[in-house]
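Undergrad: my questions are about this predicted structure, shown below with the sequence.
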Amino acid sequence: MDTMRDRFAPVVSRLLDEDPRVAVVLAEIGKDGFAEAMARHPERVINVGIREQLLVGAGAGLALTGLRPVLHTFASFLVERPFEQVKLDLGHQDVGAVLVSAAASFDWPAGGFTHMAPGDVALLDTLDGWTVHVPGHPDEAETLLRHAVAAGDDKVYVRLSTQSNARGRAVDGVRTHTVREGRGGVVVAVGPMLDAVLDATETLDVTVLYATTVRPFDAAALRRATEAAGTGVVLVEPCLAGTSTAAAGDALADVPHRVLGLGVGRRELRKYGTTDEHLTAHGLDAGSLRERIGGFLRAPGDA
Amino acid sequence: MTITTERHRGHRDLPRLMGLMTGDEKHGPAATSTLDALWVLYDRVLRVTPGRLDDPGRDRFLLSKGHGPMAYYAVLAAKGFLPVEWLPGFGSYDSPLGHHPDRVLVPGAEIGSGSLGHGLPIAVGTALGLRARGLDEPRVWVLTGDAELDEGSNHEAIAYAGPAGLDRLHTVVIDNSSASHGRPGGIAARFEAAGWSALSVDGRDHEALYAAFTAPHPGRPHVVVARVEPKAA
């Protein structure tokens, strides 16, 4: 199966052909995929070299002239390194862009911590007005990329990963979907965590929600789910543990509830290896999830 | 958009306009370091007027050095971009005029600035965007300070813009010797090494500024280093 990132250049290259507003800015990473598009649209496919602050600042300048910039590099270099540019050149200037990252939390574990960004979504959460898509399959990535580029002048982050569920689902760029209904709690699986969550909850009487657009957080969907399944809530995210617990807490602010946030731990493991080994180390494989979700939702005192 | 009806303010009115913000007509060199360069740009170089703020074909001026913006506001007021009546409220809660400018609040301000090192990268993108839209006429100007060039983001922009041949891009560096660690070889040399056209002039001499601002620079971005009194003086 191809990866989400394999879809990125072909999809955005088509959008470059279709929409004269679309422009792509790269900082070396990912340029091969855009070689043809760059030949066709030399003024709208721009590689600034290894300059990530300029990547974001130039994207803002393009937006100020009315274009729809798509900015791409690894998450560490797109969100973390030029964070002040993201905050000021886009947010404070009141212009939009589509940020498309690769490498996610640990797509390349052998590359080490320099290329891991589990905190990217949490970091963007300190800013106002961002839409955040976390697709769980290449087909969903394609759909969400199109939504992102078409979203007027909004500020949109699309988090691409090699982690993937076995099959894609119908996603609409807005809503959280109900995958399974139960009565003993709600588990929200974010993007590529769905398969492991379904596996882990197979024998549990729980509702499973699937979220690929996590900001704005679909508070209404979570509330509806808790009405039938109770207000014990587990969030399983492919990024930093707790990234969405505040959003879930806000959704349930006026009812007694319990929330457990599962995801990537803060502690740097200093391990290489494979993505699966890192998922296991962070307790995000199906076996660990079964234990942690079951333990939390079976705990006494649940509504 | 509020446009003042007074049209005849000139360079000699600027100290009075600045005084409306500070309550003081005697401004130190730091407060006025940008004043003459800004005046010559807005008076004789930039093709932008209060009536053209939404015109895609207008020239863009990006104040990157958003510190001490009184000279900027005074010039914008003198040229009718914002009402003179706004000036006395400078820095107050309901005033659109902060100690760093906000493009969302200040008519004619192309960017909000204050944090150093953002204007030049945004100007690079603006030049690229105008080119992509087929707008070959508008020129992009960005003003930085000499110490602001310490920011690495500016070096990313300088190093890219030269080889990319962004000949619509212009930078004016106000050099008041405020960088703690100066530049061996001078500021202009840094730009020239990156393929820019560069001129250094007396930042108080209007004719010299005008000549440097309008010097041809085919195929290359252009920088004018405007030397003024040292900040420490």
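TA: The structure has been received and is ready for your questions.

Undergrad: what's near enough to touch whatever residue of chain B ends up closest to chain A?
TA: Of all residues in chain B, residue B:125 sits closest to chain A, at 2.1 Å by Cβ to the nearest Cβ. Where C-beta positions appear, they are placed from N, C-alpha and C, glycine not excepted. Contacts of residue B:125 were listed using Cβ atoms under 8 Å, 6 or more residues apart in numbering or on different chains, and they are A:25, A:57, A:58, A:59, A:60, A:61, A:62, A:63, A:64, A:65, A:69.

Undergrad: and it, what helix or strand is that in?
TA: Using DSSP states H and E, the element containing residue B:125 is helix B:119-132.

Undergrad: show me what counts as buried in that helix.
TA: B:119-132 (16 or more other Cβ atoms under 10 Å in any protein chain shown).

Undergrad: got the CA positions of it in CSV?
TA: C-alpha atoms of helix B:119-132 as CSV (Å, rounded to 0.1, in the frame of the first residue of the first chain):
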residue,chain,number,x,y,z
GLY,B,119,9.4,41.3,7.4
LEU,B,120,12.1,40.2,4.9
PRO,B,121,10.9,36.6,4.6
ILE,B,122,7.3,37.8,4.2
ALA,B,123,8.5,40.3,1.6
VAL,B,124,10.2,37.5,-0.3
GLY,B,125,6.9,35.6,-0.4
THR,B,126,5.1,38.8,-1.4
ALA,B,127,7.5,39.3,-4.3
LEU,B,128,7.0,35.6,-5.3
GLY,B,129,3.2,35.9,-5.0
LEU,B,130,3.1,39.0,-7.2
ARG,B,131,5.2,37.3,-9.8
ALA,B,132,2.9,34.2,-9.7
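
Undergrad: now residue A:114. Nearest residue, chain neighbours left out?
TA: Spatial nearest neighbour of residue A:114, chain neighbours left out: residue A:76 (6.8 Å); criterion: Cβ to Cβ, 6 or more residues apart in numbering or on different chains.

Undergrad: buried stuff in stretch B:212-225?
TA: Applying a neighbour-count criterion of 16+ other Cβ under 10 Å, one finds B:212, B:213, B:220, B:221, B:222, B:223, B:224, B:225 buried in stretch B:212-225.

Undergrad: ok, stretch B:75-89 next?
TA: Across stretch B:75-89, burial judged by 16+ other Cβ under 10 Å covers B:75, B:76, B:77, B:78, B:79, B:80, B:81, B:82, B:84, B:86, B:87.

Undergrad: and what of stretch B:159-178?
TA: Buried, per 16+ other Cβ under 10 Å, within stretch B:159-178: B:159-162, B:164, B:166-176, B:178.

Undergrad: could you look up the next helix or strand downstream of the lowest-mean-pLDDT helix or strand in chain B?
TA: Every helix and strand of chain B was ranked by mean pLDDT, DSSP states H and E. The lowest is helix B:29-32, at a mean of 70. Using DSSP H and E, the helix or strand that follows helix B:29-32 in sequence is helix B:35-40.

Undergrad: rewinding a little: state the mean pLDDT of the helix holding residue B:125.
TA: For helix B:119-132, mean pLDDT is 98.

Undergrad: surely residue B:147 is in contact with residue B:181?
TA: No. Counting by Cβ atoms under 8 Å, residue B:147 does not reach residue B:181; the two are 9.4 Å apart.

Undergrad: looking at those two, which is more packed in?
TA: residue B:147 (20 against 7; other Cβ atoms under 10 Å in any protein chain shown).

Undergrad: check contacts around that one.
TA: B:116, B:178, B:179, B:180.
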